[in-house]
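Asker: below are the sequence and a predicted model; questions follow.
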Amino acid sequence: MKASARKAAPGADDLVRFRAVRAAMPVLAEGLSTEDLTAQSMPDASPSKWHLAHTSWFFEAMILAADPDYVPVDGRLQQLFNSYYESLGRRVERGERGLMTRPSLDEVMDYRAEIDRRMEARLERGLSGDMERYLFVLGLHHDQQHQELFLMDLLHLMSRSPMDPAAYPVEPRPGGPLQPARGGATRFEGGLVDIGHGDETFAFDNEGPRHRVWLEPFLLDHDLVTNGHWLAFMADDGYRRPEFWLADGWATVKAEAWTAPLYWREDDGVWTVLGLTGRAPVDPDAPVRHISAYEAEAFAVWSGKRLPTEAEWESAVATAPDVFSNLFNEVWQHTASAYAPYPGFRPTEGTASEYNGKFMANQRVLRGGSLATPPGHARATYRNFFYPQQRWAFMGLRLAADAP
Ligand code: AVJ
Ligand code: FE
């Protein structure tokens, strides 16, 4: 199927969906100060204010501005809130997003409101054609991706303060409640299996086309690796024994002086971790969070198991979704797979062609979803991706093994 014809459900309820998705990010901002919403903690993380603006800019640049008679809300904002689209001209460097004290937060919220008005007027007239419909639904899913980035980036910002600030009084868990562990693993026969998205509902372009893959028999654990398991790895000198590590991973351990997951700290022999509700003792029963692909690989070697490939993960979840705990609602799960195009991959046509495909070098695929993933956003074919040294996302692991 041609990329331009990729489908999204036809929409009498477009307006309802639009309002529901757009309402979510301002709720995340409630209770935070203007200072909280403005600062940037590292080049990989954006200020909340930027997320509020960029998700509005996306609808303007991808849909509203396609009309040749369109007059932008403010032409300068095109440059300020373009993330990475080369075809849309100059932009502010990623690491300098926190320097944008202007426009003010109020002005950004006004921009949001104006884009929402214009989009609602557009939706009332009705979307024209498959491509515009695809871009509209892409805009909704893009907004949801940034709702998750908002929480990841906010936690990273909080972690840079010696005050161990609590961003929220109660942990926001749009992804749903944590499920109890079950123990054990299921064996899968493998063979010739189909993976990838088949285009009957919305998916990002990188999830297709659906294609065949050969899998040897494998086991996949029902549960996520816990902090308790991770403490055992640390107690066995996991971060000091190069034999567990990939060369690039070991170089990173030394260069970054890693001794524990991100946000962990040891005070008088007690490990604590910073989360969205502040600093608390590490709970040995909770799934481990904020470990890089390098750390996941080292842990897997230490434990005598391995990471699943993305095809194993997807095939297992499609076959027996109910045997697993916490597939989509706690941490994205590292896989052994490089983020590469599927056979026959074609980027979405037009400006959105830069959305996913151009990042297919030197990154790893993660599967599932996290506590910060909005409801209805994740699915079994979803391919998230990060560089192997990154660990500020809500990421963890579920182990696999070769089946006898
Ligand atoms: C899939 C999370 C790596 O953060 O760049 C946001 C999501 N794509 N805007 C990213 C995304 C376009 C993407 N990740
Ligand atoms: Fe974006």
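Answerer: That came in fine, so what should we check first? Ligands and ions are numbered 1, 2, ... in the order given.
Asker: residues in contact with M234?
Answerer: With contacts defined as Cβ atoms under 8 Å, 6 or more residues apart in numbering, M234 is in contact with 259-260. To be clear about C-beta, it is placed using only N, CA and C from the backbone, and glycine gets the same treatment.
Asker: ok, now how distant is it from W271?
Answerer: Applying Cβ to Cβ, to the nearest Å, one obtains 8 Å for the distance of M234 from W271.
Asker: between these two, which contacts overlap?
Answerer: A shared contact of M234 and W271, defined by Cβ under 8 Å, 6+ apart, is any residue touching both; here these are A260.
Asker: taking the stretch 51-200 of the chain, what residue is nearest to ligand 1?
Answerer: For the stretch 51-200 of the chain and ligand 1, the shortest gap (Cβ to the nearest ligand atom) falls at Q145, measuring 4.3 Å.
Asker: mind listing what that residue touches?
Answerer: Counting by Cβ under 8 Å, 6+ apart, Q145 touches H377.
Asker: tell me the SS of it?
Answerer: With DSSP: H, G, I helix; E, B strand; the rest coil as the basis, the three-state label of Q145 is helix.
Asker: that one and L37, how far apart?
Answerer: Plainly put, Q145 is 19 Å away from L37 if you go by Cβ to Cβ.
Asker: and if you look at A320?
Answerer: When Cβ to Cβ is applied, the distance between A320 and L37 equals 42 Å.
Asker: of these two, who's got more company?
Answerer: In terms of neighbours (other Cβ atoms under 10 Å), L37 is the more surrounded of A320 and L37; the figures are 20 against 13.
Asker: so the more buried one touches H51, yeah?
Answerer: No: the pair L37 and H51 fails to qualify as a contact (Cβ atoms under 8 Å) at a distance of 9.1 Å.
Asker: who's in contact with the closest residue in space to S292 that isn't next to it in sequence?
Answerer: Distances taken as Cβ to Cβ, 6 or more residues apart in numbering place R391 nearest to S292, at 4.2 Å, with adjacent residues excluded. Residues in contact with R391 (Cβ under 8 Å, 6+ apart) are 261-262, 290-292, 295.
Asker: so of these, which ones are in helices?
Answerer: Secondary structure defined by DSSP state H assigns E295 of the contacts of R391 to helices.
Asker: ok, and the most crowded of the contacts of R391?
Answerer: Each of the contacts of R391 was scored by neighbours using other Cβ under 10 Å; the highest score is E295's, at 31 neighbours.
Asker: and the residue located most distally from the centre of the chain, which of the three is it?
Answerer: Most distant from the centre of the chain: D69, at 35.2 Å, with distances by Cα atoms, centre = their mean. Secondary structure state of D69, per three-state DSSP, is coil.
Asker: identify the residues contacting it.
Answerer: The contact partners of D69, taken as Cβ under 8 Å, 6+ apart, number zero.
Asker: hang on, A380 packs against P321?
Answerer: Yes: proximity of A380 to P321 meets the contact threshold set by Cβ under 8 Å, at 7.4 Å.
Asker: among the two, which residue is more densely surrounded?
Answerer: For A380 and P321, the more surrounded residue by other Cβ under 10 Å is A380, and the numbers stand at 19 against 11.
Asker: find the nearest non-adjacent residue to that one, please.
Answerer: Going by Cβ to Cβ, 6+ apart, A380 has V317 as its nearest residue, at 4.7 Å.
Asker: counting neighbours, what do you get for that neighbour?
Answerer: If you count neighbours by other Cβ under 10 Å, V317 ends up with 21.
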